[in-house]
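Asker: Build me a model from this:
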Amino acid sequence: MESTTLHRTELLQVADAVAREKGIDADEVLQAMEQAIQKAGRAKYGQEHDIRAEIDRKSGEIKLRRCHTVTDPVENEFTEIDPETARSRDSAAQVGDVLSEELPPIDMGRIAAQTAKQVIVQRVRDAERARQYEEYKNRVGEIVHGIVKRNEFGNVTVDLGRAEAMLRRDETLPRESLRNGDRVRAYIYDVREEQRGPQIFLSRTHPQFMAKLFTQEVPEIYDGIIEIKSVARDPGSRAKIAVISHDTSIDPVGACVGMRGSRVQAVVGELQGEKIDIIPWSPDPATFVVNALAPAEVSKVVLDEEQGRIEVVVPDDQLSLAIGRRGQNVRLATQLTGWDIDIMTEEEESQRRQEEFHQRSQAFIDALDVDEVIAHLLVAEGFTSVDQVAYVPVEELTEIEGFDEEVAEELRQRAQNHLNEQDRSYEEARKAAGVSDEIVNIEGLTPAMAARLGEAEIRTLDDLGDLAGDELIELLGDLAPDEESANAIIMAARAHWFEDEVADQAKETEE
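Answerer: Take a look at the predicted model:
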């Protein structure tokens, strides 16, 4: 009796020891043991039986039972029992109740014990994986410390203590060599639950890894006084980080650099000497882009908000510095600001402006039949197209030096006549190409667009409806509207499809 009690308490001690080692709940280990004993019981008494095992959580006593569910009618005589027979065993038995009879303890043979061990190991492993996933799924975005366990062709397995993580070769810094036993810091960028268990993916090249390192080194960032607005990295080579201070008395760049550069050097050391430009963030895109292109000096910027582009003019001697080695500086500035940046020298910009000025002047000379002086005055006042001249209020034209009301009205009339003539020629081209009148009636689709569609053999509403919005934009080229308008044109072309469907359904209903 004494040895049995010892055996029972040993069972609970083993469960506690395994639970502590794997970092899981002892009850989960006992459940795994119960499942293993059930499997051994079914092997002895027959797989078709409903055998259940229970380990007393206080005494460690193992109880083995064969269970029958009270059902009417009985479909499986091994696991079910009819109400009449059930009441002979328990007078209060009802349909749905489970009756059990105790079985003698089983003496596990070698094979049964081996099977039981496999079940326990598997269940413990599953519980350990579930614990790992629950622990790390909400830790994406954290920096963790670990020890290199294996390095297979550059893919590093890192021991985090309570879990293992993967640091893939493309997530390590160039020329970085990690050997077994090395301590390593990395950023958790993804945790996925896969068939082989939870996979924790680390990175040392992720932009947020650098941001988190600054958070650890700069107390003002940790406290929220300074905010990191954006980060751009060329891992192992160069990086830019944009910061803003919510306290006017604190300089964000100075705080991140630290006394004699101590704070930024700590981050540079961790990133294998990666050079870091700390940029003051600005809500004004032009100012922000100028800051982001540091150390290059900028003399002028021109924003195109619709296209998300920004033209930057730099002195001739600053061009190579602004672009950077292999385009690195401008590429990082683009990533940091979110704007496409075009860089040109002052000489290039001057030449381009002269070309644009000449082209626009010539367009006004040809369309309005005016001399160079009037054309130059219109361009100098910011007029870029004949449409603007045709529909601008007369007062705006009379404000131009040398233009009286009579000249302004004449210019407007000539511009409108030119546009009408253009529309007539587009209309003739559209008809010659066989483009249907229904297409022309679509709101937002101009005669010029209809003629361009005819060139591309888009002649009917069905042809137009088969296009996607981006296909229409590509097809129309310089005449293309914005994406929203293009999609509206496509939907207008498809409208008759839905009308036809409704008519067909109504016809079917009548029949």
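
Asker: Share the number of residues neighbouring residue 391, please.
Answerer: A count of nearby residues for residue 391, using other Cβ atoms under 10 Å, gives 11. All C-beta spots, glycine's among them, are computed from the backbone N, C-alpha and C.

Asker: Equivalent analysis for residue 399, please.
Answerer: Close neighbours of residue 399, defined as other Cβ under 10 Å, add up to 11.

Asker: Do you have the strands of the stretch 401-511 of the chain handy? List them.
Answerer: For the stretch 401-511 of the chain, applying DSSP state E, counting those that start in this stretch gives no strands.

Asker: Check which element follows the one helix or strand residue 20 maps to along the chain.
Answerer: For residue 20, the host element (DSSP states H and E) is helix 2-22. Counting by DSSP H and E, the next helix or strand C-terminal to helix 2-22 is helix 26-45.

Asker: Buried residues, that following helix. List them.
Answerer: 26, 28-43 (16 or more other Cβ atoms under 10 Å).

Asker: continuing past that helix, what's the next helix or strand?
Answerer: Assigned by DSSP H and E, the successor of helix 26-45 is strand 50-55.

Asker: Could you pull up phi and psi at residue 301?
Answerer: Phi and psi for residue 301, reported as degrees, to the nearest 10, are phi -130, psi 140.

Asker: what about the nearest residue to it once chain neighbours are set aside, neighbour count?
Answerer: Computed as Cβ to Cβ, 6 or more residues apart in numbering, the closest residue to residue 301 that is not its neighbour in sequence is residue 286, at 4.5 Å. Counted with other Cβ under 10 Å, the neighbours of residue 286 add up to 16.

Asker: How much space separates residue 286 from residue 334?
Answerer: 15 Å (Cβ to Cβ, to the nearest Å).

Asker: How about residue 265?
Answerer: Taking Cβ to Cβ, one finds residue 265 at 27 Å from residue 334.

Asker: Pick out whichever of the two has more residues nearby.
Answerer: residue 334 (18 against 14).

Asker: gap between the more buried one and residue 250?
Answerer: In terms of Cβ to Cβ, residue 334 sits 29 Å off from residue 250.

Asker: Likewise for residue 68?
Answerer: Applying Cβ to Cβ, the value for residue 68 to residue 250 is 76 Å.

Asker: And for residue 88?
Answerer: Distance from residue 88 to residue 250, by Cβ to Cβ: 85 Å.

Asker: Ramachandran coordinates for the closest residue to residue 482 other than its chain neighbours?
Answerer: Using Cβ to Cβ, 6+ apart and skipping the chain neighbours, the partner closest in space to residue 482 is residue 306 (7.6 Å). The phi/psi pair for residue 306 (degrees, to the nearest 10) reads phi -60, psi -40.

Asker: cool, residue 276 as well?
Answerer: According to degrees, to the nearest 10, residue 276 has phi -120, psi 120.

Asker: hey, which strand is longest across this protein?
Answerer: Of all the elements of type strand in the chain, the one with the most residues (DSSP state E) is strand 183-194.

Asker: Give the next helix or strand downstream of that strand.
Answerer: Using DSSP H and E, the first helix or strand after strand 183-194 is strand 197-203.

Asker: chain center to the next helix or strand after that following strand: distance?
Answerer: Once the chain leaves strand 197-203, the next helix or strand it forms, by DSSP H and E, is helix 207-217. In terms of Cα atoms, centre = their mean, to the nearest Å, the centre of helix 207-217 is found 20 Å from the chain centre.

Asker: angle of helix 207-217 against strand 183-194?
Answerer: Counting by axes from the mean of the first three to the mean of the last three Cα atoms, to 10 degrees, helix 207-217 points 130 degrees away from the direction of strand 183-194.

Asker: Report the mean per-residue pLDDT for helix 207-217.
Answerer: In this model, helix 207-217 has an average pLDDT of 91.

Asker: got the buried residues for that helix?
Answerer: 207-215, 217.

Asker: Please apply the same query to stretch 351-362.
Answerer: 360-361.

Asker: try stretch 52-61
Answerer: For stretch 52-61, by 16+ other Cβ under 10 Å, it's 52-53, 55, 60.

Asker: Kindly report the same for stretch 367-376.
Answerer: 367-368, 370, 374-376.

Asker: what do you get for stretch 441-455?
Answerer: Quick answer for stretch 441-455 (16+ other Cβ under 10 Å): 442, 445, 447-454.

Asker: Great, nothing more from me.
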